Every structure is written in C-alpha cells, then in structure tokens.
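**Student:** Okay, predicted coordinates and the sequence, questions at the end:
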Amino acid sequence: MSIEAFHQDILQGIPKVIPAKKEYELSINHAPKRKAILSRDEKKLALRNALRYFPKEQHAELIEDFLNELETYGRIYMLRYRPDYTMFARPINEYPGKSEQAKAIMLMIQNNLDYAVAQHPHELITYGGNGAVFQNWIQYRLSMKYLAEMTDEQTLAMYSGHPMGLFPSHKEAPRVVVTNGMMIPNYSKPDDWEKFNALGVTQYGQMTAGSFMYIGPQGIVHGTTITVLNAARKISKANETIKGKLFLTAGLGGMSGAQPKAGNIAGCISVTAEVNPKAANTRYSQGWVDVLIDDLDELCNRVRIAKEKQEVVSIAFIGNIVDVWEKFDKENIFVDLGSDQTSLHNPWAGGYYPVGISFEEANEMMANNPDLFKEKVQATLRLHAAAVNKHTAKGTYFFDYGNAFLLEASRAGADVMAANGIDFKYPSYVQDILGPMCFDYGFGPFRWVCASGKPEDLAKTDEIACAVLEEMKKRSPEEIQQQMADNIQWIKGAQENKLVVGSQARILYADAEGRMLIAEAFNKAIEKGEIGPVVLGRDHHDVSGTDSPYRETSNIYDGSRFTADMAIQNVIGDSFRGATWVSIHNGGGVGWGEVINGGFGMLLDGTKEADRRLKMMLHWDVNNGISRRSWARNEGAIFAIKRAMEMEPNLKITVPELVEDALVDGVFEKASV
Ligand SMILES: NC(=O)c1ccc[n+]([C@@H]2O[C@H](COP(=O)([O-])OP(=O)(O)OC[C@H]3O[C@@H](n4cnc5c(N)ncnc54)[C@H](O)[C@@H]3O)[C@@H](O)[C@H]2O)c1
C-alpha cells in the first residue's frame with residue numbers, strides 16, 4: 001500500500017462503508033475462545049456498547065456479525081475492520097499528522113500490533129495472553145485518526161482502549177493519558193475482568209501492551225539474563241561459573257520466549273518446555289532457541305551430552321513442563337536452577353495448560369467445560385510443585401518468576417508454603433535477585449526506540465549508551481560496580497545477539513543517573529543530526545512503576561507492599577514533568593486485581609525542551625521508587641537515595657531511622673505481652 005493510501009486509511013477513521021467480512025486466518029496465532037460469562041441481557045448490553053461507534057443505519061447489518069463474534073470468541077473484536085495495510089512500526093516521517101509526539105505514539109501502537117511482535121495480533125493482544133492494546137479494531141482506527149489530527153495543544157484521553165476524545169491542553173502536557181482496567185477495588189476479581197471486558201467497557205493492558213511500550217522479547221531478555229546470571233552467582237561455589245549448569249523452566253511465549261536466549265547469553269544449558277507447538281516453532285524460527293525436541297528420552301540424552309561437554313545451548317521441549325520435572329527426577333538429571341514462566345497470572349483462560357491432555361483438548365475444555373478445566377489446572381499445579389520439591393530436596397535453586405506460580409499453586413493446595421504458613425517455600429526472583437541487587441539502587445529496564453527505523457541509528461545509540469556507562473563506571477561506588485559491568489557487557493553484545501524484533505529498539509538496565517545521561521547524550525546527537533528522533537520508555541516492571549506485592553514490591557517488608565501509592569504517584573509525577581504519554585494499569589504480570597502498574601513514553605527530538613523534560617522526568621521516575629524502597633528500610637535504597645540527594649540539592653527525602661531489634665523484641669518481654 002502506498003504512503004498516500006496508508007494516510008487516507010488512517011484519516012478516514014471509521015470507514016463510511018462497512019467493509020466485507022475477513023477470513024479467519026489459521027496461520028496466525030489466535031487468542032483462545034474466552035469464557036462465556038454474559039447473561040442474555042448482558043449480551044444485549046455488549047451489542048449496544050459495540051454499536052455505539054456506528055451510525056444507526058448500519059446497526060442492522062453489523063449486529064449479527066458482532067453477536068456471532070461474541071458467541072464464537074467470547075468478545076467482539078470487530079474483525080472486519082482490521083486494516084488491510086501491513087502492521088509494523090514505520091519510520092516516524094511516514095505517519096500523517098500535525099504533532100511529532102503523536103506520530104511517535106502511532107509508531108509505537110503499530111509496533112505493538114506487528115505480527116512479528118504481537119502474540120495474537122488479530123485480537124489486538126500483544127503478550128501475556130490478555131495484554132491488549134485495544135479491545136477492538138474500531139478503537140484502534142479511531143485512536144489513530146485522533147492522533148493524526150491532534151496538535152501539541154491537545155491531549156487524548158484513553159479509557160481501556162477506548163479513545164474518549166481530544167481535550168484542549170498545552171505543549172508541556174502529555175499527548176495521551178492511558179488508563180487500563182482501573183476498577184473500583186471490590187470489582188477486580190478475575191471474573192470481573194471476563195465480564196466487563198466482554199461488555200466492552202474495560203481491558204487488560206498487561207504492562208507494556210496497553211501503554212504501547214512493548215518491544216518484543218528483547219525487552220525481557222536483558223532482565224532474564226541478569227536474573228539467571230545472578231541466580232547462578234548465588235549458588236556458585238568459589239571459582240565456579242555458570243558454565244555447564246542446567247536451567248529448567250517453561251514458556252516460549254511473549255516474555256517467556258526470552259529465556260533460552262538469556263540462558264545462552266548468560267552461558268548455561270537451558271531447557272524450556274512449551275505446550276503450544278506454534279509458540280515453540282516461532283521462537284525456533286527466530287533463532288531464539290537452538291534445539292527443538294518433542295520426546296522425553298531424546299531430551300534426557302541431549303541434556304546429558306550438553307552437561308558432559310559443558311555446552312552453551314538452549315533446548316526447547318514441546319510438551320508439558322510437569323512431564324520434564326518428573327522425568328528429570330526419575331532419570332536423576334540434576335537441575336541447578338529452576339523456574340517457570342507459564343502465564344499463571346491468567347490460569348483459567350489459557351495461561352497454564354494441564355498435564356495429561358493434548359493442547360487442543362485443553363483449549364476445547366477451557367471454552368466448553370471451564371469448571372473441569374480449572375480442576376485439571378489445579379491438579380497439575382499440585383503435581384508440578386511436588387516434582388519441583390523433589391528436585392529442590394536434591395539441591396536445585398528454584399525461584400518464582402513473578403508469574404504467580406507459587407500463588408496459584410498455594411491456592412490449588414500444593415505443597416509450597418513455608419513452615420510459618422505465611423510465606424512461600426521459595427523466593428521470588430525480585431525478593432532474592434532483582435529487588436536487592438537492581439531496583440533498590442535504581443537499576444531498571446530503560447529502553448528506547450529509534451523512530452527513524454534505521455538499524456544504523458540503533459547501532460549509534462548503542463555506542464553512545466556504552467560510552468556513557470563506561471565513563472560512569474570509572475566513578476561509580478563499589479556497591480554498583482557489578483551492575484555497571486553487567487550492563488556494559490550487555491550493551492556491547494547487543495548487536496551481535498540480534499535482539500531486534502519489530503522496531504529498532506534497545507533495552508538497557510540503568511540507574512537514574514545512567515538513564516538521564518544516556519537520554520541527554522541521545523538528545524544532543526539528534527540535535528547535531530547524527531541520529532533521528534528517539535522514543536524513550538521503560539517496562540512497567542521497574543523500580544517505581546509497579547506496586548505488586550508478590551513481584552516488583554515483594555522485597556518491601558514494612559507492610560506497605562499491599563499499597564499502590566507509589567505507582568499512582570509515579571504516573572501523575574511523570575505526566576506533569578514532561579512525559580509524551582503516560583499510562584496506569586490494573587492487572588499485568590501477576591493478574592487482575594493483584595497489581596497496579598504504570599509507565600511512560602517520551603519523544604526526544606533534539607530540542608532544548610526535550611532536554612529539560614528528560615532530566616526532570618527521568619529523575620523523578622526512578623527516585624520516586626528509590627525513596628519508597630528506602631523508607632521501607634531497604635539497605636541498598638537508603639544508600640542510593642542518600643547518594644541521589646548529594647547529587648541533586650533540590651531533592652530532600654525523609655530517610656528512616658533504624659530501630660534496634662533487641663529494643664522491639666525486649667519491649668514485649670518487659671511489658672509481658
Ligand atoms: N520474563 C520476565 O522477566 C517476567 C517477569 C515477570 C513475570 N513474568 C511472567 O511470566 C509469565 C509469562 O509471560 P509471557 O508473556 O511469556 O506469557 P505467554 O502467555 O505469552 O507465554 C506463556 C507460555 O507458557 C506456555 N505454557 C502454559 N502452560 C504450560 C505448561 N504447563 N507447560 C509448558 N508450557 C506451558 C503457553 O503455551 C505460553 O506459550 C507471565 O505471567 C509474566 O507475567 C515474566
């Protein structure tokens with residue numbers, strides 16, 4: 001399609017003439033049929049809600065089609081309105097519009113729906129099974145039209161994918177404010193999502209999907225590499241390295257697909273089980289996993305060879321993870337590191353597949369017999385935990401990968417509770433690794449996208465970022481030397497590791513100072529014409545963006561981990577400090593009702609205004625979380641916030657006084673209570 005035709009398609013918004021129905025393409029990975037949850041009256045309401053986007057005279061023609069979608073898929077996606085042009089992040093100057101900032105947002109939206117990036121592109125799901133960019137194709141079309149028409153003195157308000165409209169604002173305001181799945185707290189159970197999403201009034205934005213900041217599995221490779229590396233460091237004896245160690249896990253989906261690649265970069269042997277052959281084949285064809293095996297005996301043989309030769313190799317097993325844990329136990333194959341990245345934040349709708357039945361059978365049961373499906377999932381979780389327990393008894397280090405594995409296993413009655421009956425037997429990766437080693441010091445998944453779409457721009461930004469970090473490392477305190485070294489090694493190997501899927505994007509863990517200095521250097525390079533504009537962002541899975549008691553804030557021990565003030569403060573603070581767009585979500589990662597998370601996007605265009613904004617916003621975006629972590633008495637964060645105050649005299653933070661344990665314990669004995 002020519003650029004002119006592409007522009008016209010965007011500017012028309014909702015087509016005047018109803019387009020022909022589209023064929024259901026079997027080659028595309030589709031979302032599973034959603035649970036039928038609406039009553040007859042609620043179905044009528046869902047239809048009224050869908051039809052309010054269209055002129056009255058079209059209702060009669062559309063209503064049957066929409067009812068058919070609701071009955072067939074459990075949702076109204078308005079599939080016939082899916083555009084005919086190829087979906088991918090075009091260079092920024094190929095978008096229609098009056099605002100460069102709005103064009104950057106269009107680019108990011110299209111990247112999140114690119115077939116190479118999105119998990120279920122036709123259902124507008126980017127990752128995580130439910131992580132939606134929009135609820136339906138009309139919301140997409142309308143939003144793109146608004147973005148193409150808006151000026152820098154307007155802001156688009158988006159309610160869970162629905163573009164409410166353009167409101168007058170000002171140049172320093174965000175161009176888009178996104179809220180996803182924000183519910184009155186008592187209406188935030190998983191079935192509430194099923195119901196209100198089917199009604200078309202809310203959506204699950206996951207983390208970066210509903211904020212247009214997902215950049216493919218690369219975004220997570222870095223974090224996973226850091227996690228696997230540090231997990232191995234934790235269990236290694238002196239003079240031992242990660243070489244020859246076996247990492248067993250599950251999931252080759254959106255984020256989990258990064259595990260084999262991360263295993264290779266960290267330098268170990270990894271086995272990743274995946275029940276969906278399509279997902280496994282996708283990762284294999286992208287070169288993200290080295291070997292595909294669907295036979296358990298063959299898998300054992302291959303692992304034995306890899307161990308003997310101390311290979312760096314990633315193996316995908318097409319099948320259920322529970323079978324692998326059990327088989328390795330029987331065959332006495334020692335697993336050094338174990339985890340799981342099935343989508344247990346979404347256990348009843350395709351996130352976790354029961355053992356003993358085929359993938360197809362499971363999909364059928366999920367839609368037609370959800371109660372039995374739930375029973376099977378819970379029975380599988382009990383087997384899963386029992387098999388893991390056998391391995392940990394032999395010395396395996398197992399950690400929860402923030403996918404609610406331990407939470408759901410405990411709910412299923414599996415043996416995963418610690419002796420005190422409150423905590424889990426195993427730590428989460430944030431409690432043991434990412435929290436104390438990274439987040440408390442401000443290190444988190446900073447990322448950028450080169451809006452020119454040019455690989456050479458990405459290469460230049462890699463060089464710039466590396467030079468900044470190397471300079472910083474020379475004067476960094478001992479406490480963060482290891483993180484700096486890991487991040488420099490990452491950025492040096494980034495090109496060689498061929499991580500780009502979709503837009504020309506890069507992820508790099510960096511602290512507040514690192515993010516600001518790198519962004520400032522990019523902005524200067526843009527001003528000099530060395531590179532085109534750059535979109536900055538981050539995962540919500542970060543220092544300050546997310547309140548999630550079993551994940552990002554699981555290493556907060558002052559009782560405040562069940563509060564969500566930090567995430568809300570963060571997104572409000574970002575929005576008046578210069579973010580181009582902000583978003584705040586319920587759900588994401590660990591499940592609906594279990595987390596509040598937020599993020600931002602920021603366009604760097606080489607101007608002085610961009611320089612001012614980046615400094616002000618990135619400083620807050622990281623230090624907000626450090627201050628909260630410091631107030632919770634986290635040692636690394638107390639160190640980091642004191643250092644931040646030395647660097648910025650206008651930063652004045654309340655630092656906690658530490659109370660002696662003996663005093664607190666003793667007071668009860670004295671008072672005999
Ligand atoms: N990578 C990270 O850094 C990170 C961090 C925090 C949380 N997580 C969590 O990891 C989970 C996975 O994320 P995703 O984007 O990859 O989700 P996804 O749904 O795209 O992928 C999960 C994959 O697991 C497979 N699967 C389900 N049950 C299985 C089973 N029993 N055996 C083998 N395979 C099975 C599914 O077929 C699917 O492909 C999410 O809950 C996410 O929140 C990941």
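**Tutor:** Perfect, I can see it now.

**Student:** Looking at the residue in the chain positioned nearest to the ligand now. What's its pLDDT?
**Tutor:** Residue nearest to the ligand within the chain: residue 253 (2.0 Å; CB to the nearest ligand atom). In short, each C-beta sits where N, CA and C put it, glycine included. pLDDT recorded at residue 253 is 90.

**Student:** what about the residue nearest to residue 233 when sequence neighbours are not counted, which SS state?
**Tutor:** Distances taken as CB to CB, 6 or more residues apart in numbering place residue 242 nearest to residue 233, at 7.9 Å, with adjacent residues excluded. Following DSSP: H, G, I helix; E, B strand; the rest coil, the label given to residue 242 is coil.

**Student:** ok, residue 242 - contacts?
**Tutor:** With contact set as CB atoms under 8 Å, 6 or more residues apart in numbering, residue 242 has these partners: 228-229, 232-233, 236, 266-268.

**Student:** Now, these that are in helices?
**Tutor:** 228-229, 232-233, 266 (DSSP state H).

**Student:** The helix or strand hosting residue 488 - what's its average pLDDT?
**Tutor:** Using DSSP states H and E, residue 488 sits in helix 481-493. Taken as a whole, helix 481-493 has a mean pLDDT of 92.

**Student:** Enumerate every residue touching residue 290.
**Tutor:** By CB under 8 Å, 6+ apart, the neighbours of residue 290 are 260, 264, 313-315.

**Student:** hang on, I meant residue 82
**Tutor:** 22, 122, 137.

**Student:** what's the burial count for the last one?
**Tutor:** For residue 137, the count of nearby residues is 23 (other CB atoms under 10 Å).

**Student:** need the strands for the stretch 201-350 of the chain, in chain order.
**Tutor:** Under the criterion DSSP state E, counting those that start in this stretch, the stretch 201-350 of the chain contains strands at 246-250, 269-274, 291-293, 313-318, 337-338.

**Student:** Let me see the mean pLDDT of the first one.
**Tutor:** In this model, strand 246-250 has an average pLDDT of 98.

**Student:** Direction included, what does it pair against?
**Tutor:** Here strand 246-250 is paired, per DSSP bridges, with strand 269-274 (parallel), strand 337-338 (parallel).

**Student:** Same list, those, but as CSV with mean neighbour count please.
**Tutor:** CSV is the format used below for the strands paired with strand 246-250 (neighbours: other CB atoms under 10 Å):
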stretch, mean neighbour count
strand 269-274, 28
strand 337-338, 24
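
**Student:** Dump those strands into a markdown table; add distance to residue 637 and mean pLDDT as well.
**Tutor:** Listed next are these as a markdown table, based on distance: least, CB to CB, whole Å; pLDDT from 0 to 100:
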| stretch | distance to residue 637 | mean pLDDT |
| --- | --- | --- |
| strand 269-274 | 32 | 98 |
| strand 337-338 | 27 | 97 |
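
**Student:** how about those strands, which one is nearest residue 457?
**Tutor:** Of all those, strand 269-274 sits nearest to residue 457, with 31.9 Å by CB to CB.

**Student:** one step back: just the ones in helices from the contacts of residue 82, please.
**Tutor:** Per DSSP H, the contacts of residue 82 map to helices at residue 137.

**Student:** re earlier: let's have the strands paired with strand 246-250 in a markdown table, adding distance to the ligand.
**Tutor:** A markdown table is the format used below for the strands paired with strand 246-250 (distance: least, CB to the nearest ligand atom, whole Å):
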| stretch | distance to the ligand |
| --- | --- |
| strand 269-274 | 4 |
| strand 337-338 | 14 |
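
**Student:** okay if I get those as TSV plus distance to residue 60?
**Tutor:** Below are these laid out as TSV (distance: least, CB to CB, whole Å):
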stretch	distance to residue 60
strand 269-274	45
strand 337-338	57
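
**Student:** Nearest to residue 602, out of those?
**Tutor:** When those are compared by CB to CB, strand 269-274 sits nearest residue 602, at 34.1 Å.

**Student:** Would you mind putting the CA coordinates of that closest one into PDB?
**Tutor:** The C-alpha trace of strand 269-274 is given here as PDB (Å, rounded to 0.1, in the frame of the first residue of the first chain):
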ATOM      1  CA  ILE A 269      22.400 -25.100  29.400                       C
ATOM      2  CA  SER A 270      18.700 -24.300  29.300                       C
ATOM      3  CA  VAL A 271      15.700 -26.500  28.800                       C
ATOM      4  CA  THR A 272      12.400 -24.700  28.200                       C
ATOM      5  CA  ALA A 273       9.100 -26.600  28.000                       C
ATOM      6  CA  GLU A 274       6.300 -25.200  25.800                       C
END
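
**Student:** quick check: angle from it to strand 313-318?
**Tutor:** 20 degrees (axes from the mean of the first three to the mean of the last three CA atoms, to 10 degrees).

**Student:** List the contacts of strand 269-274.
**Tutor:** Here strand 269-274 has contacts from 244-253, 256, 259-260, 262-264, 280, 283, 289, 299, 303, 306-307, 311-321, 323-324, using CB under 8 Å, 6+ apart.

**Student:** if we go to 6 Å?
**Tutor:** 246-250, 252, 259-260, 263, 280, 306, 313-317, 321, 324 (CB atoms under 6 Å, 6 or more residues apart in numbering).

**Student:** Please apply the same query to stretch 510-523.
**Tutor:** Residues outside stretch 510-523 that contact it (CB under 6 Å, 6+ apart): 441-443, 446, 464-465, 468, 534, 536, 604, 606, 610-611, 614-615, 618, 622-623.

**Student:** Next: stretch 476-496.
**Tutor:** With CB under 6 Å, 6+ apart as the criterion, stretch 476-496 contacts 222, 441, 443, 462, 465-466, 469, 473, 508-509, 639.

**Student:** okay, the residues you listed in JSON lines with pLDDT and secondary structure next?
**Tutor:** Conversion of those to JSON lines gives the following (pLDDT from 0 to 100; DSSP: H, G, I helix; E, B strand; the rest coil):
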{"residue": "222", "pLDDT": "89", "secondary structure": "helix"}
{"residue": "441", "pLDDT": "97", "secondary structure": "helix"}
{"residue": "443", "pLDDT": "96", "secondary structure": "coil"}
{"residue": "462", "pLDDT": "97", "secondary structure": "helix"}
{"residue": "465", "pLDDT": "98", "secondary structure": "helix"}
{"residue": "466", "pLDDT": "97", "secondary structure": "helix"}
{"residue": "469", "pLDDT": "97", "secondary structure": "helix"}
{"residue": "473", "pLDDT": "97", "secondary structure": "helix"}
{"residue": "508", "pLDDT": "95", "secondary structure": "strand"}
{"residue": "509", "pLDDT": "95", "secondary structure": "strand"}
{"residue": "639", "pLDDT": "98", "secondary structure": "helix"}
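
**Student:** What is the most widely separated pair among the residues you listed?
**Tutor:** Most distant of the contacts of stretch 476-496, by CB to CB, are 462 and 639, 29.3 Å apart.

**Student:** so what does the strand ranked longest in the chain touch, helix or strand wise?
**Tutor:** Counting residues, the longest strand in the chain under DSSP state E turns out to be strand 596-604. Here strand 596-604 touches helix 512-527, strand 534-538, helix 565-575, strand 581-586, going by 3 or more CB pairs under 6 Å, 6 or more residues apart in numbering; DSSP states H and E.

**Student:** how about the shortest one against the ligand, any contact?
**Tutor:** No. Strand 534-538 is not in contact with the ligand by CB under 6 Å from any ligand atom; minimum separation 13.3 Å.

**Student:** Fine by me, we can end here.
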